[in-house]
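Quick one: sequence and predicted model below, then my questions.
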Number of protein chains: 2
Amino acid sequence: MTKILDIIKKNRSYRRFYQEVQIPTEHLHLMVEAARFSPASRNIQPLKYVLINTPEQCATIFPTLAWAGYLTEWPGPEEGERPSGYIIQLLDKNISNTPSCDHGITAQSMLLQAVELGYGGCIIGSIKRETLAGLLNLPENFEILQVIALGKPKETVVVDDLQNNEYKYWREENGTHHVPKRTLDELIFKKI
Amino acid sequence: MTKILDIIKKNRSYRRFYQEVQIPTEHLHLMVEAARFSPASRNIQPLKYVLINTPEQCATIFPTLAWAGYLTEWPGPEEGERPSGYIIQLLDKNISNTPSCDHGITAQSMLLQAVELGYGGCIIGSIKRETLAGLLNLPENFEILQVIALGKPKETVVVDDLQNNEYKYWREENGTHHVPKRTLDELIFKKI
């Protein structure tokens, strides 16, 4: 049996993909289904989703996103290693003016579903929001919260114990991506 | 194999528990481990956790929480059906002034891990924060974000299709708890 912790560990933030591996619409629907059955603050459920999975749509979306802020010399994945799908999380302000942290809850559900289906992804918050809203012809009641980039991962991501509050991820010359994570001991404020 | 979607569906917001079923500390550690390996905005990881699992600690925490806002005639779970554990999510403002939506991402990871271990829980945002901070002797750099109440579920929760934007959960006389969820069709803004 696959343990949930194994799936959570396998769900790293991937930024390079086998771009030729497309994501069927029914797989994106399964991800939204995972979001749909997730907890929602006061059960209001103000989030909506735009699903993107054709090469043409992906090429349109890609330039509106910024990649891996700490890798200042890396402009993002090159052609051939770009995401083959996106889920754009919207706040429907006709329903609520705040998502609370629902976009976090649902993003994690969707990513775990993605991992189980053989994909990986990355939550992106650095977005040219006005440009993207224009490309999508979004009505004014929608606010773009974040974008989940998806694809079949084409990179190795390693988790290390974080030391001295040095939390910036970094890359080896061979391309291996390292992510420092605070230890369990550091995360637990009161020991029991 | 347990499918991730099955675990996500099984993870309902439970508010009544077999209070006598205690949660071992190592199980709470597994839940924080699930949080630890979850995505973190810019990888800063400013969240910390207080773990509560003795009857005495639980009795102290319980009065600081408000339950099920829409069930106005229900004051919360009665003695014998209360949570047997809590995870209190803190923002360590020495690390960052905002959690972004990390508390949502990690709450979902912890709840899914809880479900796999045979528990269930509920994310609570309506908290007497000053009182709770005092009880925990929290230093000033910590802000209480939310509390996850945990235990072995003792109620039936049913998900229905939401209609006419009537999103409030409700309870049958026999105690069955109903949660209206927006349909997949309503959640997807642009069809592909």
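The structure has been received and is ready for your questions.

low-scoring stretches of chain A, by residue?
Low-confidence regions of chain A, defined here as pLDDT under 70, cover residues A:1-2, A:191-192.

For chain A, which residue gets nearest to chain B?
In chain A, the residue that lies nearest chain B is A:Gly104 (2.5 Å; CB to the nearest CB). For glycine as for every other residue, the C-beta is placed from the backbone atoms N, C-alpha and C.

can you count the residues close to the residue lying closest to that residue once chain neighbours are set aside?
Spatially, and ignoring its direct neighbours in sequence, A:Gly104 is nearest to B:Gly104 (2.5 Å; CB to CB, 6 or more residues apart in numbering or on different chains). For B:Gly104, the number of neighbouring residues by other CB atoms under 10 Å in any protein chain shown comes to 28.

so A:Leu28, which of the three states?
When the structure is split into helix, strand and coil by DSSP: H, G, I helix; E, B strand; the rest coil, A:Leu28 lands in helix.

residue contacts, it?
Under the criterion of CB atoms under 8 Å, 6 or more residues apart in numbering or on different chains, the contact list for A:Leu28 reads A:51, A:53, A:85, A:87, B:192.

Now for those residues: which two are most distant?
A:Ile87 and B:Ile192 (10.9 Å; CB to CB).

Can you work out which residues contact both of these two?
Residues touching both A:Ile87 and B:Ile192 comprise A:28, A:51-52, with contact defined as CB under 8 Å, 6+ apart.

Run me through the strand neighbours of the longest strand anywhere in chain A, direction for each.
Among all segments of chain A classified by DSSP state E, the strand with the greatest residue count is strand A:142-151. On the basis of DSSP bridges, the sheet neighbours of strand A:142-151 come out as strand A:85-92 (antiparallel), strand A:120-124 (antiparallel).

Output those strands in TSV; the columns should cover mean neighbour count.
Formatted as TSV, the entries for the strands paired with strand A:142-151 read as follows, by neighbours: other CB atoms under 10 Å in any protein chain shown:
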stretch	mean neighbour count
strand A:85-92	24
strand A:120-124	24
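
possible to save those strands as CSV with distance to B:Gly121?
Converted to CSV, those look like this (distance: least, CB to CB, whole Å):
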stretch, distance to B:Gly121
strand A:85-92, 24
strand A:120-124, 23
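
Out of the shared contacts of A:Ile87 and B:Ile192, which is nearest to A:Asn97?
A:Leu51 (24.4 Å).

So A:Tyr167 is in contact with B:Gln45, correct?
Yes - A:Tyr167 sits in contact with B:Gln45 when judged by CB atoms under 8 Å, with a separation of 6.2 Å.

Counting neighbours, go ahead and name the busier of those two.
Regarding A:Tyr167 and B:Gln45, a neighbour count based on other CB under 10 Å identifies B:Gln45 as having more, with 24 against 20.

Correct me if wrong, but the more buried one is in a helix.
No - membership of B:Gln45 in a helix is not supported by three-state DSSP, which gives coil.

how about it, what does it touch?
Neighbour list for B:Gln45: A:162, A:167, A:181-182, A:187, B:95, B:102 [criterion: CB under 8 Å, 6+ apart].

Many thanks, I have nothing further to ask.
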